[in-house]
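**Student:** Sequence and predicted structure below; questions after.
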Amino acid sequence: MRTHATISGSELLLGVIAIRLAVLVLVGWGLTLLPRQARDGAPVCVPAIKSAAQSSVKTVGPRVADTAFDDMRLHD
């Protein structure tokens, strides 16, 4: 009896995918074990710029929001 020692293309592809998946899992676990960076709590924005940006924001009326939502549902 003779056995074939070669592997098929699909077995090779599945092996490569399994190895890459294992590497991704190990990297993910490694990233969760890293210490978190300390944040100093100081605001990044200057208050004058922040208040000017907030005053320029306009709210959307309920009719416009409902129309946009209906349009999204129509295209789904």
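**Tutor:** In hand now; what should we look at?
**Student:** For stretch 32-46, what does the pLDDT average out to?
**Tutor:** Model confidence over stretch 32-46 averages 69 on the pLDDT scale.
**Student:** Kindly report the same for stretch 68-76.
**Tutor:** 75.
**Student:** what does stretch 17-25 give?
**Tutor:** Rounded mean pLDDT across stretch 17-25 is 97.
**Student:** Does residue 35 belong to a helix, a strand or coil?
**Tutor:** Three-state call for residue 35 (DSSP: H, G, I helix; E, B strand; the rest coil): coil.
**Student:** Repeat that for residue 6.
**Tutor:** coil.
**Student:** Could you check how far it is from residue 12?
**Tutor:** The gap separating residue 6 from residue 12 is 10 Å, by Cβ to Cβ, to the nearest Å. All C-beta spots, glycine's among them, are computed from the backbone N, C-alpha and C.
**Student:** between those two, who's got more neighbours?
**Tutor:** residue 12 (11 against 6; other Cβ atoms under 10 Å).
**Student:** what helix or strand is that one on?
**Tutor:** Using DSSP states H and E, the element containing residue 12 is helix 9-33.
**Student:** Does anything pack onto that helix? Which helices or strands?
**Tutor:** For helix 9-33, there is no helix or strand it packs on, judged by 3 or more Cβ pairs under 8 Å, 6 or more residues apart in numbering; DSSP states H and E.
**Student:** got a list of contacts for that helix?
**Tutor:** Applying Cβ atoms under 8 Å, 6 or more residues apart in numbering, the contact partners of helix 9-33 are residue 7.
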